[in-house]
Structures are given as structure tokens and as C-alpha cells.
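Student: the following comprises the amino acid sequence and a computationally predicted model.
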Amino acid sequence: MIQYQNLWESITPIEMNIKQIKRDIQEGKVPELPFFVIGLDNEKEQLTDDLNHINEFFQSCLIQADYGNGKTNILKYLKLYYQQNNSYNTNVIYTRADVDQYDIVLFLLKVIQDTILDVLISSVEAIRDTIQIETLCNNFEDTFGAIKEYSVALFNVKEQDRLKKIIYLGTGRLYTKGSFNEFELPQLTNYNRREILVLFLNILASNNKFFIFQIDEVEKIQEKSKIRFSSFLTSYRELMDLAPFIKGHHLMTALTGTSGRSSAQSLEEVNPAFYRRIESKLYKLGLLTNAAHLTELGNKLNNLLETKKTKEDINKIVGLLRGKDFNRNSQIIKFICNELNLNYTELRPLDEILKDYSLKDLFYDTRERIQNEGVFQNISRRFFDPLCDYLDASNVKYDRKAQGFQLIYDKDYDKVNLFFFNTDMEANINRLIYAKNEYSDSHLIIYKPIELDITYSLLADKEVKNVENIEIVDYLPENLMTLLVMCRDESYEFDNIKNVIKEYTLQNL
């Protein structure tokens, strides 16, 4: 059993964190604040009790909250806590759900393969001469009998290249009959890989290496397909049923509530067997309403952002909150920051801009027309033709790298306009890193869909270089494309439409 020191107390950020957080706030974005967790006393107590036993047996929990109410904040707080307290031999691996790999066992095997393969290899080598292999595999009883030959072979392989290859047989990266024949092993199935995951986790635990696997944004699987979501929950239940055979680690999943129905209800309806197993470890995070918690939040933001407000000032801000009808904690944070005089620029709604130029009717007529024509389907491919027409008409010198990269390089102003069209965080970050490497000294403008939570503080957390030379613009791809099509089709209104585009893109196009 582990006894943690200072768990759930505030974590001091580095100076660069503060700089990016202030920039987020001043541009109206809610920054990442993984430095403290307000309230949630019962949830924190239960999580602490679970984590105290991370070196003894496998546990799992599911954190559910409406959008903007702090589920990701808890995950990232714990990641930061363990980074700064490495004496506990515990590391956090944060990932987002993959809509195309909805078997949680296969997903976790890929996470191990991609992130801690070297740790797994060194753990096999460290315990090879002392471990009784059967103790890692339920004495090869029942379904574990199918992996006996594989487990023995894993510990008999000495060369690192071959050891890596036999691990790939376990994760599924190598799966052909020929690959198994190389080791004179029977071919494993995906069903056998449930026991393989148990084996790998026990190898890590036996070498005193423990992991918290965090899977965020599980709702994306639910949004993609009810069948996929049900399959995900079934595989999750199967993993929980294997928990008695696993000697440590923790799995945390996070799910955003949807459309007025609690995720608990949805889970119970979609997969009752899974819900019965997770019910006692289902943590539902709500809106901050307690005055003491709101005061604590105000004080922590005041200290974090060094705004030097008095106790009386914070009490007044909390008093003002009582008259507000907020439904997200992120809105509360934004309000408090504004009252701390970290004022943000309130951007005008597009409808208001259109009204100023008498273009509202034309905009919505055009939007409906091109939507009916199917232009918004595969928008990432169709967007750049009207954009280039607009740049040509504006006499802009540019290079186009749309296919795969989705960017326009403005030669006149040495800036890169990088467009995101979906909420696939990892794919977007990869495109961002490519753009930064390709145009290292250029100013980078990121156009992101409003629902995609990319902030300057998140980019700093991802260790993106030179964040100071990046600007983030919130937009709806369909709206900007409509404006660009209007410029092409309604040339008599070009100047007015261009003025709308300039304000909508914060003077960047």
C-alpha cells in the first residue's frame, strides 16, 4: 500500500505555463488548469483510496461530466502530479479514445507497444531469472492455458530484436502465421490477447513499474456508432472481469455527457452488464455551486495569475456569480478571470458582422445552396479552391499545400494559414508539428473548429516549439467556406464580403 504526500494540493506551474494561460484568457479561451482540483471531496477520497493500492491489484473508474465541467482537468492533474513525484514508481499515460479501435484490450496493447515498449522489454530482462512464469498467468489455468507456450517463449528469448518481435506477436502488430512459425508458436487470436494483456501488466508490476492508463473522450466512440460503443463497453467489462488476475495498475476512462441524458443512464441501457460492474466507480462531476468552492477557485486563480486581489475582492466576485446562469465550470472560470481584470476580447458574432454589411440574407441563401449541393461533404478537400480564388482576387502571393497538409503559406507576410476541419486532436497536432518544422520561423495561424479544445497552454503542454509565434482563430469551416464562395460568385459584393472575412478571421485572411 502506498501513502501519497500532498495529493490534491495545488501544483506550482512553471513560468511558461503562466504566460500561455494569460494569453488564452486574454483571447477568450479557457486555458488548461491542471494545477488544482476544486471540490469533489468524495471523488478525491475514493480515488486516493484506489491509488493507494495501485501496486497491489488492478482497478478502474469512469469519470463522467458535461462538457466544460472538469473531467479532463482531473486526468491531467494526476499526470502532472506523478511527473513531479516520481518516487512512487507510477507513470500516467494519457490518450484519447480511438473510434476505429474500440476493443479496449487491443487499444491498451497498442498503447503499451507505442509508449512503453522499452519499459516492458527491460522488465522482462529484469525478472527473467527470478520469476515463476505461471504466477503471471493464473497458473495457466482456464483460458490462460492458451498462452502458455507464448509466455515461456517470451522469457526464453534473449536477443532484444527478437524479444521486441515476440512482444509484437502479443500486441498484434505481427499476426501472420509465418511470424508465429519463426518462434514455433501457435497463432494467437484477438481473444487470446486478453490474457496477453494480463501477462504484460503483471510483468511490469513484478518489476515495480505501475501505470495509470487514461482514456479520454470515450463519447467519440458513442457518437460514431452505437454498435461500436456497445462493443467497447463489452471489451471493457471483459477486462474488468480479468482484474483479479492483474497485480496492479489503474485504468481511468472519461466520458462527456450527451444531450440531456446522463451517461450513467446511457451506459445502463446500452450495456447493463458493464454498468453493474462500473457503477460503484462511476464519478459524475457537476457544476460548481458551493460558495466555499467558488471562493477557493477565485483565490487559486488570483494566486496563479498574480492579479493581487484582496480577500474582499474575491468575495465580491463570488457574490456576482450568484446572479449568473452558467451551466459549465469553464464559463465560471472565464467570468472570474475577467473580473480579475484579465479582460478578454469579446469577438462579434458572425451574424452581427453580416448585418453591418447587409449580407445576412445572401450568406444564408448561399450556405443553404452549397449545402444542398453536397459541397460541405469532404469539406477539407473542397475548401481550398474557393480560398485560392479569394487569395488570387486579393493579389496575395502564396504557396498551396492542401492535400494532406491543409495549409496556405502567405509569401507576402511570411505566415502559414493552417486549417483544421475536425476534432481529431492527435491528427491536428501532427499537422501542426509538421507546419512548425517546415516553416520554423514563420508566423503560424491555426484555424480550429470551435468545438476543438486547442489552447496555447495545451500547445505548451504538448511541447510545441515557439508557441509565442502561433495564433489561434476559432471558426466554423462551413461558414468560412460559404463566405469564400460568396466572394467568387457575387463579385459585385467582393469588397464587403472581404471585410466580413477579415473580421471573422481576425484580420488574417
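Tutor: The structure has been received and is ready for your questions.
Student: right, and Tyr283 touches Leu62 too?
Tutor: Yes: in this structure, Tyr283 is within contact of Leu62 by Cβ atoms under 8 Å, at 7.2 Å. All C-beta spots, glycine's among them, are computed from the backbone N, C-alpha and C.
Student: between these two, who's got more neighbours?
Tutor: Leu62 (24 against 19; other Cβ atoms under 10 Å).
Student: show me the contacts for the more buried one.
Tutor: 218, 252-255, 278, 281-283 (Cβ atoms under 8 Å, 6 or more residues apart in numbering).
Student: break this structure into its domains for me.
Tutor: 40-285, 292-339, 350-504 (automatic domain parsing).
Student: looking at the first one now, give me its mean pLDDT.
Tutor: In this model, domain 40-285 has a mean pLDDT of 93.
Student: ends of that domain, how far apart?
Tutor: 8 Å (Cα to Cα, to the nearest Å).
Student: what helix or strand does the closest residue to Ile167 other than its chain neighbours sit in?
Tutor: Leaving aside its chain neighbours, Ile167 sits nearest to Leu120 (6.4 Å; criterion: Cβ to Cβ, 6 or more residues apart in numbering). Element membership for Leu120 (DSSP states H and E) is helix 117-127.
Student: same for that helix, what does it pack against?
Tutor: When contacts are defined as 3 or more Cβ pairs under 8 Å, 6 or more residues apart in numbering; DSSP states H and E, helix 117-127 sits against helix 160-171, helix 193-206.
Student: starting at the chain centroid, how far to the helix or strand that it is followed by?
Tutor: Once the chain leaves helix 117-127, the next helix or strand it forms, by DSSP H and E, is helix 148-156. Taking Cα atoms, centre = their mean, to the nearest Å, one finds the center of helix 148-156 at 36 Å from the center of the full chain.
Student: ok, stretch 469-483 next?
Tutor: 21 Å.
Student: endpoints of that stretch, how far apart?
Tutor: Rule used - Cα to Cα; the end-to-end distance of stretch 469-483 is 27 Å.
Student: just the strands in the stretch 251-400 of the chain please.
Tutor: 282-285, 398-401 (DSSP state E, counting those that start in this stretch).
Student: which of the ones you listed is buried the deepest?
Tutor: strand 282-285 (a mean of 18; mean count of other Cβ atoms under 10 Å).
Student: paired strands for it, with orientation please.
Tutor: strand 59-65 (parallel) (DSSP bridges).
Student: from Asp351, how far off is Ile370?
Tutor: 18 Å (Cβ to Cβ, to the nearest Å).
Student: between these two, who's got more neighbours?
Tutor: Between Ile370 and Asp351, Ile370 has the larger neighbour count (other Cβ under 10 Å), namely 19 against 10.
Student: show me what contacts that one?
Tutor: Here Ile370 is in contact with 376, 481-482, 485 (Cβ under 8 Å, 6+ apart).
Student: how close does it sit to Met486?
Tutor: Taken as Cβ to Cβ, the span from Ile370 to Met486 is 10 Å.
Student: quick check: bridge partners of the residue most central in space within the chain?
Tutor: In the chain, the residue lying closest to the centroid (Cα atoms, centre = their mean) is Arg96, at 4.8 Å. With DSSP bridges as the criterion, Arg96 is bridged to Asp216.
Student: okay, the helices and strands packed on helix 117-127 in a markdown table with mean neighbour count next?
Tutor: Output for the helices and strands packed on helix 117-127, formatted as a markdown table (neighbours: other Cβ atoms under 10 Å):
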| stretch | mean neighbour count |
| --- | --- |
| helix 160-171 | 18 |
| helix 193-206 | 23 |
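Student: so can I have TSV of these showing distance to Cys388?
Tutor: Shown next, in TSV, are the helices and strands packed on helix 117-127 (distance: least, Cβ to Cβ, whole Å):
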stretch	distance to Cys388
helix 160-171	44
helix 193-206	48
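Student: tell me which of those helices sits nearest to Leu75.
Tutor: Relative to Leu75, the nearest member of those by Cβ to Cβ is helix 193-206, separated by 19.7 Å.
Student: show me what the closest one is packed up against.
Tutor: helix 104-115, helix 117-127, helix 148-156, helix 160-171, helix 226-241.
Student: and those: which comes nearest Asn299?
Tutor: helix 104-115 (36.6 Å).
Student: list the contacts of the closest one.
Tutor: 93, 95, 97-98, 101, 120, 167-168, 170-173, 190, 193-194, 196-197, 200, 213, 215, 232, 235-236, 238-239, 251.
Student: burial of Pro13, as a residue count?
Tutor: Other residues close to Pro13 by other Cβ under 10 Å number 18.
Student: which ones are touching it?
Tutor: So Pro13 contacts 21, 35, 304 (Cβ under 8 Å, 6+ apart).
Student: again with Phe210
Tutor: Here Phe210 is in contact with 54-55, 88-91, 204, 248-250 (Cβ under 8 Å, 6+ apart).
Student: for ChimeraX, what selects the buried ones among those residues?
Tutor: Here is the ChimeraX selection string for the buried members of the contacts of Phe210, based on 16 or more other Cβ atoms under 10 Å:
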select :54,55,88,89,90,91,204,248,249,250
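Student: which of the contacts of Phe210 fall in strands?
Tutor: 90-91, 250 (DSSP state E).
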